[in-house]
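*Asks:* what follows is a predicted protein model with its sequence.
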Amino acid sequence: MTKKRTNKYKKHIKQSPGSIVYTGENPTEKLFINTFDYSPEFVTEVELNSVEEAYNFKDSESITWININGLNHIQDIEKIGNHYNLHPLIIADIANTSQRPKIDVYDDYIFVVLKMLYYDENEVIKIEQISLVLGRNYVLTFQEVEGDVFDNIRERLRIANGRIRTLGADYLLYALIDAIVDHYFIVTETMGNKIEDLEEILFNGHIQDDLSLQVLNLKKEVLKIRRAIFPIREIISRIEKNQHDLINENTIQYYRDIYDHVVQLSDSVDIYREMVWSLMDMYMTTISNKMNEVMKVLTIMASIFIPLTFIAGIYGMNFDNIPELHYKYSYFILWGVMIIIFLGMLYYFKRKKWL
Amino acid sequence: MTKKRTNKYKKHIKQSPGSIVYTGENPTEKLFINTFDYSPEFVTEVELNSVEEAYNFKDSESITWININGLNHIQDIEKIGNHYNLHPLIIADIANTSQRPKIDVYDDYIFVVLKMLYYDENEVIKIEQISLVLGRNYVLTFQEVEGDVFDNIRERLRIANGRIRTLGADYLLYALIDAIVDHYFIVTETMGNKIEDLEEILFNGHIQDDLSLQVLNLKKEVLKIRRAIFPIREIISRIEKNQHDLINENTIQYYRDIYDHVVQLSDSVDIYREMVWSLMDMYMTTISNKMNEVMKVLTIMASIFIPLTFIAGIYGMNFDNIPELHYKYSYFILWGVMIIIFLGMLYYFKRKKWL
Amino acid sequence: MTKKRTNKYKKHIKQSPGSIVYTGENPTEKLFINTFDYSPEFVTEVELNSVEEAYNFKDSESITWININGLNHIQDIEKIGNHYNLHPLIIADIANTSQRPKIDVYDDYIFVVLKMLYYDENEVIKIEQISLVLGRNYVLTFQEVEGDVFDNIRERLRIANGRIRTLGADYLLYALIDAIVDHYFIVTETMGNKIEDLEEILFNGHIQDDLSLQVLNLKKEVLKIRRAIFPIREIISRIEKNQHDLINENTIQYYRDIYDHVVQLSDSVDIYREMVWSLMDMYMTTISNKMNEVMKVLTIMASIFIPLTFIAGIYGMNFDNIPELHYKYSYFILWGVMIIIFLGMLYYFKRKKWL
Amino acid sequence: MTKKRTNKYKKHIKQSPGSIVYTGENPTEKLFINTFDYSPEFVTEVELNSVEEAYNFKDSESITWININGLNHIQDIEKIGNHYNLHPLIIADIANTSQRPKIDVYDDYIFVVLKMLYYDENEVIKIEQISLVLGRNYVLTFQEVEGDVFDNIRERLRIANGRIRTLGADYLLYALIDAIVDHYFIVTETMGNKIEDLEEILFNGHIQDDLSLQVLNLKKEVLKIRRAIFPIREIISRIEKNQHDLINENTIQYYRDIYDHVVQLSDSVDIYREMVWSLMDMYMTTISNKMNEVMKVLTIMASIFIPLTFIAGIYGMNFDNIPELHYKYSYFILWGVMIIIFLGMLYYFKRKKWL
Amino acid sequence: MTKKRTNKYKKHIKQSPGSIVYTGENPTEKLFINTFDYSPEFVTEVELNSVEEAYNFKDSESITWININGLNHIQDIEKIGNHYNLHPLIIADIANTSQRPKIDVYDDYIFVVLKMLYYDENEVIKIEQISLVLGRNYVLTFQEVEGDVFDNIRERLRIANGRIRTLGADYLLYALIDAIVDHYFIVTETMGNKIEDLEEILFNGHIQDDLSLQVLNLKKEVLKIRRAIFPIREIISRIEKNQHDLINENTIQYYRDIYDHVVQLSDSVDIYREMVWSLMDMYMTTISNKMNEVMKVLTIMASIFIPLTFIAGIYGMNFDNIPELHYKYSYFILWGVMIIIFLGMLYYFKRKKWL
Ligand SMILES: [Mg+2]
Ligand SMILES: [Mg+2]
Ligand SMILES: [Mg+2]
Ligand SMILES: [Mg+2]
Ligand SMILES: [Mg+2]
Ligand SMILES: [Mg+2]
Ligand SMILES: [Mg+2]
Ligand SMILES: [Mg+2]
Ligand SMILES: [Mg+2]
Ligand SMILES: [Mg+2]
Ligand SMILES: [Mg+2]
Ligand SMILES: [Mg+2]
Ligand SMILES: [Mg+2]
Ligand SMILES: [Mg+2]
Ligand SMILES: [Mg+2]
Ligand SMILES: [Mg+2]
Ligand SMILES: [Mg+2]
Ligand SMILES: [Mg+2]
Ligand SMILES: [Mg+2]
Ligand SMILES: [Mg+2]
Ligand SMILES: [Mg+2]
Ligand SMILES: [Mg+2]
Ligand SMILES: [Mg+2]
Ligand SMILES: [Mg+2]
Ligand SMILES: [Mg+2]
Ligand SMILES: [Mg+2]
Ligand SMILES: [Mg+2]
Ligand SMILES: [Mg+2]
Ligand SMILES: [Mg+2]
Ligand SMILES: [Mg+2]
Ligand SMILES: [Mg+2]
């Protein structure tokens, strides 16, 4: 068995509990901070050069969205986390990108971890962690690398009369989560297409050597997607039931809408799960059908020609006294007999539906 | 892998959250609005030409059923929704036809999403979404295209002394849901017949090339039907427990009757599920039995004729000194020996039950 | 695919909700009504000629059991139901024989639907619905056709000093349900025997063509029995928790005893379920073992005789110069060589445990 | 299908509900009653000759353990049951040995049914029912036949300074249940060994004809053990939560310890369950591997000798003009060619790893 | 069946309930006791020579961690347990190393049992039990043999300004549990690697004889790891909900962080579980694909050469009158015919994709 893998957890566990360790694989050269500060009357969009510039937004009355990319810049993450009074364990969770989706509710802020899902150009599933912090009049978002999933929200923030501008930070958090969940529909649809592609390959009997591996990888993908989506149901339920000051009663209905989408996604994923699990059985029947076909060819060829060869063998014997050998038409009669046997066999196999 | 499918969700996610997007595939040219306005004393059945004509029914004391077909006419849906004070998210749900069955309870109205199931002429399952809104003295229903599932209710509304005429809008909602659920029995029965047909094909050993695909498609159908039926149990439970002003205490018993039907349907679907899951195993045994039969034919033919051919080969050898060749009756004795071997083999295979 | 089945639900759904439709398949010519009226002091057993005769028992102080067979006589069922103040939906449930076992608790009466299970003479499972109504001092039972499951209770009612005579209608209901549940033990035992018979057939390797169909039918039987038995646990629990006036506190313990039996039955059915599910796997290994045996015969025959035939072929060649042909003992030496090869092969297969 | 089994339930159901029927298969000739009466100061161990002798212990202040073997002596069981005020249904449960493990809590006593598990000399699982009744200052135990599982407790009761002597009847009940549960560890360990034995047989490829039956029987054993052990968790939970007068608060901790053991056993049984379920799959792969081996032998023999035989056949033909026949070294050259083909084939199969 | 195993439980059950028995397999020669006594101001690290030296720490105000290795030294374990007022059942649990992970909450202390998991040098999973007792200002830990999992904590205790020094015994307990749980990540990662290694072997079709046994052993490992990890979720939940005096409200958040990790681990283990369960199916398809390949070789060889041999057999017959034998070019024409048949067959198999 090969054992040359390095263990990414080894480093982590040598740390004190709650220490901040970046566990992802996409370090960026520079920390990227992007802010939207807005009220119904104005909107300001700024790219910041240092975390310190993000300090002032904490107590302003306008709504602020501070988006931070580059989780490997641990000191900066820690600085802004401390300024916004985040618990050290929360700051550690932000940097540790193998979190499970979850919600942590504190008196002053709500902390949500979600997973961004997307297929890369090779149709391999990619999973990125995104942490969201909702405080009074601000939302912080932390990611390794920026995707394009929030472009639509930025667009709407820039528009003067958009609903999003008139509502609070709790609505902004909703809009961000909604954008993430909406993106899952694309992912599950791609997943569904991949399953259907495999079904078609198996149906057409194009047995490729790596089919069982492809099925196995699909199983893993389904399970990973499941793991990203299912916990969100509990997150939204917690938001609904918690009646936290930071979430306006009217916004709850919007979170409930996300809940509906997540249940719908969960249902789809469960159906994909059943489908993928069936593919292996389908593969097995395809193999067995192929083998049946192979065996039929062999059986037909052997059943026809072995008896005929036996007959030819009989008249190849060298006994002194084989009367048939000396009749003039023996050879031709024998051909006739053999042709009759041949046709009889063909008819037999035809009737058995093997031909 | 083929990747030419268009992604129907792409368009949707570019929208603001809660924006109204028609996601179905059956746009109609014209919006169709049909109303029944009735009390014990009278009934008026009108086909409306514009949504504005439907506004007046909102506050009348008579019971009104407004049936709207053509969800692609988004502006009209939005207008009537706004007039009846539906939350923007509800209006969005009406137009988004990939909802999961659900209930949303508001102070002024109850919103229910259900799925119409039917088999088309090719025995392919079709799923249509229907949204129902129960308000004070009115019920709104929204569908893509009209089916014939409510014809019976219309019939009874037209009759002067029918019970339905004497009871409130909550009973009308019950009657509509009941008509939908009753229709599920036809669907599950058809499903049961399809499963039995496949069982019979497999039992008779008529192995068709696409059997594993047929089984897979049946699996998908069962899962889709499950997904349409199972959530209704929770919907009815919510209605029972909620004690909403809009639902009369006496009507609850009728909803409970729907619950019984849905549980009965759920049980049936679960049994179908088990049956379909077993079909693949049955298919596998059928294939293996077939292969056994093929192998037996080969083995019998080869086991009988290979030894006989060997014997013939012996006496086809050209050694100078093979005494048997020169005895007068050798050839005939040899035939006797071969016939004995032949019959012995037949007896052996007979005893083994291979013949 | 064959599609000539008639759909038994079609008729039903054209009716108004809650309308009374007989959905069974065993209409009787005449309605059969049989009553026991008893107190500790007396017992009167009468066969009634019309439902009207059953009206008087409603308010009498003596305990009355009214047993009604013949659910196709809908008008009569409705009349007696109305007289005993049963809700229209309850009357509809009585006539609709595809109910799931359930309990409905009303202020004045308790309505219970159960399933009678029995194997007919062909060992095919039969399921009959029985509806029981417990009111003040009376029990109504409704069945399609009378079985013999209550004979024992009738016997005991006729005895002057039986406990059943001294206790109320709630104890009578218990005794009736207990008789039904006791009968399930016979059914599950028969089911267990059928499973063991199949196990034995599979173990002995008597592969019959319809084995996979037999297993499939057993699966269906187990699921049907499960569906009849499992819901009773909830029914009894509801009776226990409800503390209804109609059920005496001391009788509750008797219902609890039924609960124990139903849990015991449920456990047995779950074990049968696992066993039946295993039979298909066992069948598959039996087939594969058979195939192995077939292949071994072929391989042994072919491996022994093909090389020998090759050798015979060599010395059947007509080359001018084959020195061996002319030695006097060549032929006999060759036989020796062939016998040695033959024995060597036998030894080889013996050592491989194929012989 | 064979149908000669007698139905053991038939007799039972002809009885009135709650009637006392012995359903076991181990009647004893004589009822055996054994009592321990003890306090911290004294212990008296007596074997009684009649149930009447056991009456006096009921109200004594000393703790009494009355152990009764021989459930077929129904009248005696009923007498003692009545004297100790047991509900008739409880007495019936004691005699009916097919109970599921359960607890019934009455005001004056607690009734517990458990299963004794042991493997007999043929390693077949045996299940005996034991009923325990905890009253004020006494414990009654009822069994069909005495095992040796309580010997240890008797030993400790005889010792003057044992903890058990200083504590109440509730501790005695604990000690008895604990002895039963401790014995389960031996059973599950034996079960584990049986599974490992089968794994080894399958791994070594010693395919025996009855392997699938052995696996099936193991499945049944696991399910039976499961059924005996799992309900105990609920029994102990009920004792904990009930706060019954008969159970001292300090003894609860001891019952909790049993709970820990039962959960531990449940976990083990679940793992065995998974293992046994896997054995059938393992058996299937073993069979298929065997078949692969068989097919390889056939294919190698046939692939090598069929072409060679063809070549020999060519030069066995009788055409007048076959030039090769007349060259002097043709025969030897041909041998060379055949040996090359033979070696080439060997190399080919070697490279394919079939040899 | 082999039956020579000794039964490790036999000895145990001969004991009184709650008696202290060491059930592990790693007795140490000497009891090892190591203590850390610390406050923000000082830290003292001592190795004790007798359990009596550990008595004084019980009531000191400084925080003490007493780590005890060598569970076979039962008298010593009992002495220290009694001094620290542990319930006799707790002391028994400490010595009994087959406990399931659990928490027992007493007024004066909290008792936690966990499992240490690690892979030994042969990649075989090892499971060690660790018991932790949290009292006022002290933590006791009991293990069979010391691992290195707490080295990091010792390191941090020695540092003057570490957070751990400033916080209470509840934080120390958290740090110890966290160290154990962090170590599970290494174990699950190794497990994941083992699964991927097997996947690769199966994908490459290197069928080894013991593959099904390897898969079975992996299944067992997954189940054992599951059993060690899953119960911790409940342990942490109990700590959270209990609001015990010994656990500071601020420390709860740290326990919640462990909870997150355990859920994450549980998710991973469940995915591994699904993967391992799939490996057997993958193995089966690999075997069947191999067999297909074997059969194709046989079928191709036989289908090509059996007809050709038949033709050769024809012209090896000795009929007096076979005209073809005497034409001059017959032999060469026949070769031509045979080559055409040979190529035709090759083309046929090529087109069938068997070559
Ligand atoms: Mg939804
Ligand atoms: Mg779901
Ligand atoms: Mg699920
Ligand atoms: Mg589902
Ligand atoms: Mg499978
Ligand atoms: Mg029902
Ligand atoms: Mg159900
Ligand atoms: Mg079910
Ligand atoms: Mg279900
Ligand atoms: Mg299910
Ligand atoms: Mg399967
Ligand atoms: Mg019971
Ligand atoms: Mg049960
Ligand atoms: Mg069960
Ligand atoms: Mg069970
Ligand atoms: Mg189940
Ligand atoms: Mg399964
Ligand atoms: Mg299976
Ligand atoms: Mg335990
Ligand atoms: Mg456990
Ligand atoms: Mg368990
Ligand atoms: Mg289970
Ligand atoms: Mg499980
Ligand atoms: Mg488990
Ligand atoms: Mg399987
Ligand atoms: Mg986490
Ligand atoms: Mg989990
Ligand atoms: Mg999961
Ligand atoms: Mg799980
Ligand atoms: Mg699962
Ligand atoms: Mg499976």
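*Replies:* Great, that's in hand. Ligands and ions are numbered 1, 2, ... in the order given.

*Asks:* ignoring the adjacent residues along the chain, who's closest to the residue nearest the centre of chain A?
*Replies:* Most central residue of chain A, judged by C-alpha distance to the mean C-alpha position with CA atoms, centre = their mean, is A:Glu221 at 4.0 Å. On the basis of CB to CB, 6 or more residues apart in numbering or on different chains, the spatially nearest residue to A:Glu221 that is not a chain neighbour turns out to be A:Ile125, at 4.9 Å. No exception for glycine: its C-beta is placed from N, CA and C like everyone else's.

*Asks:* and that neighbour, its phi and psi?
*Replies:* Here is the backbone geometry of A:Ile125 (degrees, to the nearest 10): phi -70, psi 140.

*Asks:* also A:Asn137?
*Replies:* The phi/psi pair for A:Asn137 (degrees, to the nearest 10) reads phi 70, psi 20.

*Asks:* again with A:Asp104
*Replies:* Main-chain torsions, A:Asp104, degrees, to the nearest 10: phi -120, psi 120.

*Asks:* can you map out the helices along the stretch 51-200 of chain A?
*Replies:* Using DSSP state H, counting those that start in this stretch, the helices of the stretch 51-200 of chain A run over A:74-83, A:88-95, A:151-158, A:163-166, A:169-203.

*Asks:* typo on my end, the stretch 201-350 of chain A
*Replies:* Listed in chain order (using DSSP H, counting those that start in this stretch), the helices of the stretch 201-350 of chain A are A:211-242, A:252-314, A:330-351.

*Asks:* ok, which of the ones you listed comes nearest ligand 27?
*Replies:* Closest to ligand 27 of the helices of the stretch 201-350 of chain A is helix A:211-242 (CB to the ion; 8.4 Å).

*Asks:* touching ligand 2 at all, the closest one?
*Replies:* No: looking at helix A:211-242 against ligand 2 by CB under 5 Å from the ion, there are no contacts, and the closest approach is 8.0 Å.

*Asks:* and that helix, what's buried?
*Replies:* A:211-233, A:235-236, A:238-239 (16 or more other CB atoms under 10 Å in any protein chain shown).

*Asks:* swap in stretch A:133-149?
*Replies:* So, applying 16+ other CB under 10 Å, buried residues of stretch A:133-149: A:133-135, A:137-144, A:146-147, A:149.

*Asks:* D:Leu198: which of those is nearest?
*Replies:* The shortest approach to D:Leu198 among those belongs to A:Glu144, at 49.9 Å (CB to CB).

*Asks:* which pLDDT does the model give the residue of the stretch 251-355 of chain A found nearest ligand 6?
*Replies:* Closest residue of the stretch 251-355 of chain A to ligand 6, CB to the ion: A:Asp267 (24.3 Å). For A:Asp267, the pLDDT comes out at 94.

*Asks:* likewise A:Ser62?
*Replies:* Confidence at A:Ser62, expressed as pLDDT, is 94.

*Asks:* and it, how many neighbours?
*Replies:* The criterion is other CB atoms under 10 Å in any protein chain shown. On that basis, A:Ser62 has 16 neighbouring residues.

*Asks:* so it touches A:Tyr38, yeah?
*Replies:* Yes: taking contact to mean CB atoms under 8 Å, the distance of 6.2 Å between A:Ser62 and A:Tyr38 places them in contact.

*Asks:* before I go, just wanted to say thanks for your time.
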